[in-house]
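Asks: Build me a structure from this.
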Amino acid sequence: MGIIGRNDLCPCGSKLKYKKCCLGNDNVQINKVENSKITNDFLVNHTNGHDISFGIKELVMAELEQIIILLSEKHVHVANLKTFVIDLYELSTSPNMVEVYLKISKEIMIDRNDPHIAAELKVLRKRAKLLPSLTNNEKFILRTMMESNLLELHTVEDVGTGDYDAMKVLTEFCYQSISKGVPDAQNLDYAKLYVGSNGIEKEKLVRYELNFTEERLSPNRPLYTQWITLDSSNG
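Replies: As a prediction, the model looks like this:
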């Protein structure tokens, strides 16, 4: 479920605008779950304030940021990296993102010996249904980028080497695009990634462009990414 606009048709099926139907009740419910006493230390202290207890999108942003942090380290911890990548891949490919979100959250609660798992999961389920999730285009980006990262991790496991710079660029693109938001008004066709490199420093994402089409495209297709290298001569 993405963000519902005030003037959009209410998702309850009443055919009324959201602001004249369920908006008031939803705000009450959101305030109730936001005021609950759930805390989670995992990830929060290592990210830009992304609290995974506040819905699917927050979990995605927090785990993407963790992947970027791990890929920035001198010695990459492959096992931890793979855990986050698999989490996000499963989330992006599942027909029921809420259940995957709850599964991941439960695993984190177990790791930190949380004594109130059942109660917290009930609140998280409400939040996951009320707070912003991912659009289809955002799920498409997440799935394709995590597929690429998984292939790279298989290379690491098979031959001991991997292009961590490329993984970081793809993950940064995923993080930035989902953070900004990619609506479903049109189908995402391909992306241009402008990557900075002068032959000495590691590659890094400078900016990106998304290209859309009104054509109906296969939901199982990969997202084509065109890499454009920027150097000191072309900025």
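Asks: Go ahead and flag the most central residue of this structure.
Replies: Val60 (3.3 Å; CA atoms, centre = their mean).
Asks: Is that residue in contact with Leu88, as I believe?
Replies: Yes - using CB atoms under 8 Å, Val60 is in contact with Leu88, at 6.5 Å. C-beta here means a position set from N, CA and C on the backbone, and glycine is covered the same way.
Asks: which residues do these two both contact?
Replies: Common neighbours of Val60 and Leu88, counting by CB atoms under 8 Å, 6 or more residues apart in numbering, are Leu142.
Asks: one step back: who's in contact with the residue nearest to the centre of the chain?
Replies: 88, 91, 134, 142, 178.
Asks: Include distance to Ile67 when you put these into a markdown table, please.
Replies: As requested, the contacts of Val60 are arranged in a markdown table below (distance: CB to CB, whole Å):
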| residue | distance to Ile67 |
| --- | --- |
| Leu88 | 8 |
| Leu91 | 13 |
| Leu134 | 16 |
| Leu142 | 11 |
| Ile178 | 13 |
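Asks: residue ranges with poor pLDDT in this structure?
Replies: For the chain, the stretches flagged by pLDDT under 70 are 1-8, 11-13, 18-19, 22-48, 160, 198-201, 231-235.
Asks: Could I get the full set of helices for it?
Replies: 23-34, 56-72, 78-93, 97-111, 117-130, 136-159, 164-180 (DSSP state H).
Asks: what's the angle between the longest one and helix 164-180?
Replies: Taking axes from the mean of the first three to the mean of the last three CA atoms, to 10 degrees, helix 136-159 and helix 164-180 form an angle of 160 degrees between their directions.
Asks: Now helix 136-159: buried residues?
Replies: 137-150, 152-153, 156 (16 or more other CB atoms under 10 Å).
Asks: just to revisit the earlier point, ok, and the most crowded of the contacts of Val60?
Replies: Leu88 (26 neighbours; other CB atoms under 10 Å).
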